[in-house]
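Chemist: Structure for this input, please:
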Amino acid sequence: MLRDAIRALAEAKIAPHAAAVDEEARFPQEALDALVANDLHAVHVPEEYGGAGADALATVIVIEEVARACVSSSLIPAVNKLGSLPVILSGSEDLKKKYLGPLAKGDAMFSYCLSEPDAGSDAAGMKTRAVRDGDHFILNGVKRWITNAGVSDYYTVMAVTDPEKRSKGISAFVVEKSDEGVSFGAPEKKLGIKGSPTREVYLDNVRIPADRMIGEEGTGFATAMQTLDHTRITIAAQALGVAQGALDYAKGYVQERKQFGKPIGDFQGIQFMLADMAMKVEAARALTYQAAAKSERGDKDLTFQGAAAKCFASDVAMEVTTDAVQLLGGYGYTRDYPVERMMRDAKITQIYEGTNQVQRIVMARNLP
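Modeler: Coordinates of the predicted model:
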């Protein structure tokens, strides 16, 4: 029922705007409005804070179905989870009440600030500082590659509180867009997901109350890594959705397109390509849903499974979308058809929330 509902919504309210959102590189406001109206913008928020209380698998299905229509739009529910999960995992009761309520209502969005210009895969090498000043902290630094920056009202920011301790000297904070000293860089000009703004976040003597720290001092990096164990699965869901969307479109196209007097779908070479695409998508789905179940249960092998799902599903998304372009031939290479957008959008799933090379390191260190 959930899948049917979100698919109907995505096809009616999100898919019709996907090409224009990409072409104009603009935020998919129509998608946000539709998701908020149907309480699907942040389904993971627990019921006690006004949310839908969806489990990890339901959240994955929402993201998958939105990504099938428009990957940029799927970053709304995905990044709302990424940005707010540190508060859910480690925040005080007061922080949860203050920030999860507006998120659940659709009055605010949440972004996640971990990466920096010189700290990407080596996130522990960050330079953003948070210095205590009485019952406040003063934050200074630059965060890069921040999804939905400038649109989101709330930001989970990782900053160094004790430079001597490396990863154990990093703390997490909630910063508000309206805090004095918060500003944003120009939107990045990207290959894909053009509807989701990616900008730098500048923190210039941003003074925030000390009670906006998420968890204890020095626990921020551990919270950040624990968050990613859960949210990598949402990237797998995006990859799965875009792969399914490309497969569905190509499947329809080869039944319509005629060459040599018959539909090209009648040729065995085409049938084998589609069979391989469908097989890989189903394998990715099985791994992603299994990882989501482990996320919900908090299983010990979640770190491995989350990394495996993200890595495998995103590699599949790149293969399947590239094959879909091939199946459409010259048409697939034009912006008149959606598969070239899907191929461009799929690429980022191999890169963000940890490159697939980093996922392989994570898996190797956590072999079940």
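Chemist: Counting neighbours, which bits of stretch 38-55 end up buried?
Modeler: By neighbour count on 16 or more other C-beta atoms under 10 Å, the buried set for stretch 38-55 is 39, 40, 41, 42, 43, 44, 45, 49, 50, 51, 52, 54. Every residue, glycine included, has its C-beta placed from N, CA and C.
Chemist: Report how far apart the opening and closing residues of that stretch are.
Modeler: 17 Å (C-alpha to C-alpha, to the nearest Å).
Chemist: Rounded mean pLDDT for it, please.
Modeler: Per-residue pLDDT over stretch 38-55 has a mean of 98.
Chemist: what's the answer for stretch 190-206, then?
Modeler: Throughout stretch 190-206, pLDDT has a mean value of 98.
Chemist: What residues of it count as buried?
Modeler: 192, 193, 194, 195, 196, 197, 198, 199, 200, 201, 203, 206.
Chemist: mind listing what residue 111 touches?
Modeler: Residue 111 is in contact with 79, 82, 83, 146, 147, 148, 149, 152, 154, 155, 156, 201, counting by C-beta atoms under 8 Å, 6 or more residues apart in numbering.
Chemist: any idea which of those residues is the one closest to residue 288?
Modeler: residue 82 (16.2 Å; C-beta to C-beta).
Chemist: Could you give the number of residues near that closest one?
Modeler: 26 (other C-beta atoms under 10 Å).
Chemist: For burial, what's the neighbour tally of residue 179?
Modeler: When neighbours are counted by other C-beta under 10 Å, residue 179 comes out with 15.
Chemist: Sorry, slip of the keys, the one I care about is residue 7.
Modeler: Residues contacting residue 7 under the criterion other C-beta under 10 Å number 17.
Chemist: Give me the subset of the contacts of residue 111 lying in helices.
Modeler: 79, 82, 83 (DSSP state H).
Chemist: pLDDT and distance to residue 313 for the residues you listed - can I get that in CSV?
Modeler: Shown next, in CSV, are the ones in helices among the contacts of residue 111 (pLDDT from 0 to 100; distance: C-beta to C-beta, whole Å):
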residue, pLDDT, distance to residue 313
79, 98, 18
82, 98, 17
83, 98, 22
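Chemist: Can I get the residues you listed in TSV including distance to residue 119?
Modeler: Below are the ones in helices among the contacts of residue 111 laid out as TSV (distance: C-beta to C-beta, whole Å):
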residue	distance to residue 119
79	19
82	17
83	18
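Chemist: Spatially, what comes nearest to residue 198 if we skip its sequence neighbours?
Modeler: In this structure, residue 198 finds its nearest non-sequential neighbour in residue 188, 4.4 Å apart by C-beta to C-beta, 6 or more residues apart in numbering.
Chemist: Next, the one you found: phi, psi?
Modeler: With angles defined as degrees, to the nearest 10, residue 188 shows backbone torsions of phi -70, psi 150.
Chemist: how close does it sit to residue 194?
Modeler: As judged by C-beta to C-beta, to the nearest Å, residue 188 and residue 194 stand 10 Å apart.
Chemist: With residue 241 instead?
Modeler: Counting by C-beta to C-beta, the gap from residue 241 to residue 194 is 17 Å.
Chemist: Which residue in the protein shows the largest distance from the geometric centre?
Modeler: Outermost residue of the chain with respect to the C-alpha centroid, by C-alpha atoms, centre = their mean, is residue 261; its distance is 44.1 Å.
Chemist: where does that residue sit relative to residue 272, distance-wise?
Modeler: Taking C-beta to C-beta, one finds residue 261 at 21 Å from residue 272.
Chemist: Helices along the stretch 1-150 of the chain, start to end?
Modeler: Using DSSP state H, counting those that start in this stretch, the helices of the stretch 1-150 of the chain run over 2-9, 15-24, 29-37, 56-69, 71-90, 93-105.
Chemist: Find me the pLDDT at the residue sitting nearest the centre point of the chain, would you?
Modeler: In the chain, the residue lying closest to the centroid (C-alpha atoms, centre = their mean) is residue 78, at 4.3 Å. Residue 78 carries a pLDDT value of 98.
Chemist: dump the residue contacts of it.
Modeler: Residue 78 is in contact with 63, 231, 234, 235, 237, 238, counting by C-beta under 8 Å, 6+ apart.
Chemist: so which strand or helix has the nearest residue to residue 338 once chain neighbours are set aside?
Modeler: In space, and not counting its chain neighbours, residue 338 is closest to residue 249: 6.0 Å by C-beta to C-beta, 6+ apart. Assigned by DSSP states H and E, residue 249 belongs to helix 220-256.
Chemist: partners of the helix or strand just after that helix, with directions?
Modeler: Following helix 220-256 in sequence order, the next helix or strand is strand 258-259 (DSSP H and E). Next to strand 258-259 in the sheet, as set by DSSP bridges, lie strand 262-263 (antiparallel).
Chemist: circling back to that earlier point, for the helices of the stretch 1-150 of the chain, which one sits closest to residue 216?
Modeler: Nearest of these (C-beta to C-beta): helix 71-90, 8.2 Å.
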